[in-house]
Structure formats: structure tokens, C-alpha cells
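**Student:** Need the 3D shape of this:
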Amino acid sequence: MASEMSIAKQLRQSLIFRRVVGFAWHLTGITVCFLIAFVLRLFPNDLSHYQTAMFQTLPIAWIIFLGFIVVFGLYRGLWSYFSFRDCFRYAYVYLLATVLFSCTVYVIGTKDEFGEQVIYHSSFSGFPRMVFPMFYLLLVGWEVGGRGLGRLIRDFQLQGVNSANRGPRTILVGSPEESDQLLRSLVNPRLGLGEVCAIVCNEERRSNATLHGVRMLGDMKQVGQLAKEVKAEMILFVPPFNTPKRIKSIMKLISDAEVAAEFRVIPSLKDIAHGHIDVSSLRKVEIEDLLNRKPNVFDRSIIENFLKGKSVLITGAGGSIGSEICRQVMTYQPSKLVLFDHSEFNLFEIQRELTTKNGSACEVIARMGDVKKEVDVQHAIEDAGGIDIVYHAAAYKHVHLAEENVGNVLLNNVLGTNCVAEVAAQNGVEQFILVSTDKAVRPTSVMGASKRIAERCIMERERNGTQFKAVRFGNVLGSSGSVIPIFKSQIANGGPVTVTSKNVTRYFMTIPEAVELVLMAGAVGEDRNIMVLEMGDPVKIDLLARQLIELSGLVPEKDVAIKYTGLRKGEKEYEELLTEDENVTETAYEKIWVMEKDDTKLKPVDLNQIRELADSNDLLGLRQLAKELIPENRLESE
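**Tutor:** All right, here's what the predicted structure looks like:
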């Protein structure tokens, strides 16, 4: 046993040793198959008359067949990964070699020796012609059989590993074609997928058929019952069955059957077609997969022309939105990138990330400061030698905290925005883009009101060369303090998951998508535009919570409870992107609109009054002022 393991180890590690063993295998096969072909052809007759021809032509067979093996590279094939394609390749090459071998024998002829008498034969007169096809078939069988045996041994070894380390019971959702190729890859224990116990293909004619011994189901509607029957622990989606609609329908059926299963997806058919299926090709189904949002389609050269070679300042650079703006801006090759944030830790993290990825292509400058202090903003601009574009993402954004800290929220979100805008205008900044929110529409919260007033501050400024724009969008998945991380934490702790109301809806998009649209809107927008991003269909928070529980392999209300807490102060059941008196103009760019609203008849924003009321902690006065500045508001008085 030790010697066998030693040989196997040498075969794996030594290329020369593998080549020598392979050469010996081919040479033995040619010899043995050639001799057997003669025996089978002439048995039970006397073989002595053909011994001379047999031994005369054997060296020719060695030369021709070994030559074809070398020329066509058949010796390079890995035995452990032998396939049907290799079978056809061997059959084709050996057929050519057999034809050449038979032609050579025909041309050179053979000779027989009877004592002192030597008789020369031309053509095949001294050679049994049926030996050629028999030799061919035997030799192909030798090669295919030997290599197939090697593949079989490997598969049994891997199956033994899988049996010893059995993973979850898996249902595969995909067509027979993709399932076939995937099942061939699943023998690899690195995938950790365990046993595929059923395939769902949505083709009725395939019901009750088997593929590689795995049962098939042709009706998607029965997948819940099937999962319960086979005690499935994982559902694996294969393209094109990994669409949001398909995943959501399967999840609902699995949930209705009260089966706790994990959901995973293979992102690309290319991974299957090329055989690149390993653990990195599989990922858990995330809530983003269920949004049913089409990817952004527009000419990104517009953003490149807007940002390339420019000096860019990003406030709130360490936050969820600000950090993603930094990452995406960096890809468009600005000359300098100034990161501005009041949080030392967040600033350190984003600077470290960008400098690690960036190298020396763009100068990254990190500056701690307060957006309410002109001197801090001024120093950041001066340190960069001037700024061309400002993305103002710094803001207090948590609704319920804003209700408890009215003064600081208005100071930061309104006066801070005005401060950065003022310093930008004084320093000749070309573009100022405010990152706003859908909560600024008919606001019911202090946070929403503060962002609407901030929009007014930049829109009402005197024109002096700097272009001021605002981009308004809804919630983003995964931002700090958003419902997704909170729900995930609650699920990890065993629940309950807290939802304000069954009817609460919100608009959602992913952070990268939102930021890409912000960059595009900033590039195509004109001075004093408020850009509105298309947010898709609103999503019920209750449904979102249930889907996250299901994606965690648990059953809502059974494994994890859902608790309804009621709306908190400042919250509303649904968000709006526009009010009735706001008109939108469609731009030439998908998912981007321009809002048109005349605020010239409204009371001007009095920044000094906001500062005085905040400094004196007059919360009632601040709320009343906010209501006066936003007539369509729904703010509570206290």
C-alpha cells in the first residue's frame, strides 16, 4: 500500500515520471493489441506461417502510432479528467495512424523464410488484412478503457470524500442541459454542496425522468412539496432560472411548505460551459437579487469626460454613499480626490482602501473637518490646489434620531450644505452636486425637511459661475443604519425582526446603482437642476423582512418571529419622489429626470434665524420655521 501511494505521489508531482509511465503505457498497448489482433484473426489456425510478417511489421506500428501520439499531443491528457471529447480524439487520431500503417505495409510488402528459401510478397499477400481494423478497435479500447478507469477511480475517491463530508441536500433549479454540466462539476468536494437529490426544470415532459441518477421534476409549482419530501437544505439556481421573478416564486413556495433551506445562485452560464464551477462561482442569493431592477444602460464615457483629470472633493467620504462615490469616481481617473469627513475611523478606512487599490494614478488627500466650518472646507480645497467638482454627501440621515436632535440636524444638513456651497463658489468650483433624498418630498420628518431646505439653499443662490445641482433618490440597500443590516442582525440573534407596519413601503436600489446614477445625473444635469432618479416599484418592508428570513434558510413566524412596532415620530408609510406641483422632464438618459418647481414665491431661507433657534435650543421654533419654508410639509408641530 505504501509503495502504491508512493507511485501515485510521484505521478502527481513529477512530469518526467508521468511522461515515462505514459510512454510505457502506449508502447505496451500497441504491442499487446497488435499481437492479440493477429491471434484473434488466425485462431485456431497455425500461426507459424505469419510470425515473420507479424514481427517484421510490429516495429513499423511502434514508429507510426507513437509518432501520431507525439504529433497530436495525446500524451498530454490528464487521466483523471478524461472525457468523451478525448474518446473521439483518440478514435480519430488512431484511425489516421491505422490508415498510414496499412498503406506502409502495402508499399514495403513482407517476406517469408522457408529454410534457405526467401519469398518476397508485394501488397498484402503475406499479411492478414483483417488485422488492421481489429488492431484499431483493440488499441482504441485499450486507451479509452485505461484512461476511463483512471477517471472512474478518481470519481470514486471524490465520492468517498463527499460521503465522509456530506454537505446539505440540494435541489437544483435549471434546464437539463445546464444541470448535466453542473452535475459533472459537483463531484468536486471543494464545492461543499453535498448531495443533489432532485432537479426542477419546468419542462413537464421531463417529469419522473432521471439525470445522472437524480430525479427530475417538470412542474415548478410542486417544488415546495418536493423540498419537504426530500428534506432539502439548499436550493441552487442555475441561469436562466436565477431571475428575480423566478427566485421570488420559488422562495414563496419553499416558505409555504415550511422548509428551511438556503438559497444559492450561479451567476453566469459561462462558468458552467467552461467548467469553471468552484466555490467562488456560487454565492448566496441576496436581497438585491429580488429587486427586479434592470442594470443601468448608458454611455459611461459621459461620466469619464466629466471626471477625468479633474480635482474632486467628496464630503461625507467615509459614509455608505460617500465611500461608494469615492470608489466609482476613482475609476474615471481624476487627478486628485479629496476625502472630507468628520469621522476619523471612517476617513482612515476609505483612504486606506483607495490608496491600496489606486497606487499612484490619482493623488488621494484625506482631510478631517466639519462641513459647518468654512475654514475646514477652505483648507481642504487649498490643500488640493483647487477643486473642480464637489459631491456633497455629508448629512445626518436617520429619521428617528433627527426627531430627537432637531437643532443639530438643521445646522448640519442646512447650514453645512450652505457652508460648503459658499466656499465652493468663492473658490471657483465648477460643479456642486448635492446628494438629496426622496424624504425631502412632502416631508413628515425633520431629516426630510432639512434636505428640502438644503435643496432650496443651493437653488436660490446667486449665479456666479458655479453650477449647483441636486440628485434625489430613495433608500439604498445595505447602507449603515438601513433596515437590511438591522434585519440581518436581528435574524442572526434569533429574532424578533421588528417592522413598523405591514403596509410600510419604501423605494430601494443598490448603493453602486444609486451612486452610478448620481454621477451620471451630475454629469448631464444643468445649473439649478434637481435631478430625480427612477427608483422602480416600491417594496413592502414586511415582505422584505420575510424574504431576508427565508434567504437565511429559516421560516418566518416559525423560526424567527416578526414584531410590528408601529410608526415612529417623523416616519410615514410610503415615500414620494414628487408632489403634485412638481413637474418632471424626461432626459435623454434612462432612469434620470429633471424636476421643475418654482420656489421663488416662497419665504427665503433665513440661515441666521436657523442658527439662532438652534443655538437657543428652540425646538418648537425650528419646527415651525421648517413648516413655513416648506408649505407642502406634513411635519408635526412637536
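**Student:** what's near enough to touch Cys531?
**Tutor:** No, residue 531 isn't Cys; it's Met. Lys469, Ala470, Val471, Arg472, Ala521, Gly522, Gly525, Ile592, Trp593, Val594, Met595 (Cβ atoms under 8 Å, 6 or more residues apart in numbering). Where C-beta positions appear, they are placed from N, C-alpha and C, glycine not excepted.
**Student:** Quick one, which of these are buried?
**Tutor:** For these, a neighbour count by 16 or more other Cβ atoms under 10 Å gives the buried set as Lys469, Ala470, Val471, Arg472, Ala521, Gly522, Gly525, Ile592, Trp593, Val594, Met595.
**Student:** ok, what's across the strand from the third one?
**Tutor:** Going by DSSP bridges, Val471 is paired in beta bridges with Val435, Met531.
**Student:** hang on, isn't it packed against Leu519?
**Tutor:** No: between Val471 and Leu519 there is no contact, the gap being 9.2 Å when judged by Cβ atoms under 8 Å.
**Student:** From Glu573, how far out is Cys201?
**Tutor:** Applying Cβ to Cβ, to the nearest Å, the value for Cys201 to Glu573 is 41 Å.
**Student:** actually Ala394, not the one I typed
**Tutor:** Taking Cβ to Cβ, one finds Ala394 at 29 Å from Glu573.
**Student:** can you check Glu258 too?
**Tutor:** 30 Å.
**Student:** hey, which helix or strand in the protein has the poorest pLDDT?
**Tutor:** Lowest mean confidence among the helices and strands of the chain (mean pLDDT, DSSP states H and E): strand 117-121, at a mean of 47.
**Student:** is it true that Leu226 lies in a helix?
**Tutor:** Yes: assessed by DSSP: H, G, I helix; E, B strand; the rest coil, Leu226 belongs to a helix.
**Student:** Need the three-state assignment for Phe432.
**Tutor:** strand.
**Student:** May I have the residues that are in contact with it?
**Tutor:** Phe432 makes contacts with Ile389, Val390, His392, Val420, Ala421, Ala424, Ala425, Ile458, Thr466, Gln467, Phe468, Lys469, as judged by Cβ under 8 Å, 6+ apart.
**Student:** for Ser501, same thing?
**Tutor:** Contacts for Ser501 (Cβ under 8 Å, 6+ apart) come out as Ile541, Asp542, Tyr564, Gly566, Leu567, Glu573.
**Student:** backbone phi and psi for it, please?
**Tutor:** The phi/psi pair for Ser501 (degrees, to the nearest 10) reads phi -160, psi 150.
**Student:** for the stretch 501-638 of the chain, what spans make up the helices?
**Tutor:** Ranges of helices in the stretch 501-638 of the chain, per DSSP state H, counting those that start in this stretch, are 511-524, 541-551, 607-615, 619-629.
**Student:** With distance to Arg169 and mean pLDDT as added columns, please give these in JSON lines.
**Tutor:** Below are these laid out as JSON lines (distance: least, Cβ to Cβ, whole Å; pLDDT from 0 to 100):
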{"stretch": "helix 511-524", "distance to Arg169": "34", "mean pLDDT": "88"}
{"stretch": "helix 541-551", "distance to Arg169": "17", "mean pLDDT": "83"}
{"stretch": "helix 607-615", "distance to Arg169": "60", "mean pLDDT": "91"}
{"stretch": "helix 619-629", "distance to Arg169": "57", "mean pLDDT": "87"}
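**Student:** which residues do Val471 and Leu519 both contact?
**Tutor:** What both Val471 and Leu519 touch, as defined by Cβ under 8 Å, 6+ apart, is an empty set.
**Student:** Neighbours of Arg205, how many?
**Tutor:** 7 (other Cβ atoms under 10 Å).
**Student:** if I look at the residue lying closest to it once chain neighbours are set aside, how far off is Glu204?
**Tutor:** Nearest residue to Arg205, sequence neighbours excluded (Cβ to Cβ, 6 or more residues apart in numbering): Gly218, at 6.5 Å. Noted for Gly218: a distance of 4 Å to Glu204, by Cβ to Cβ.
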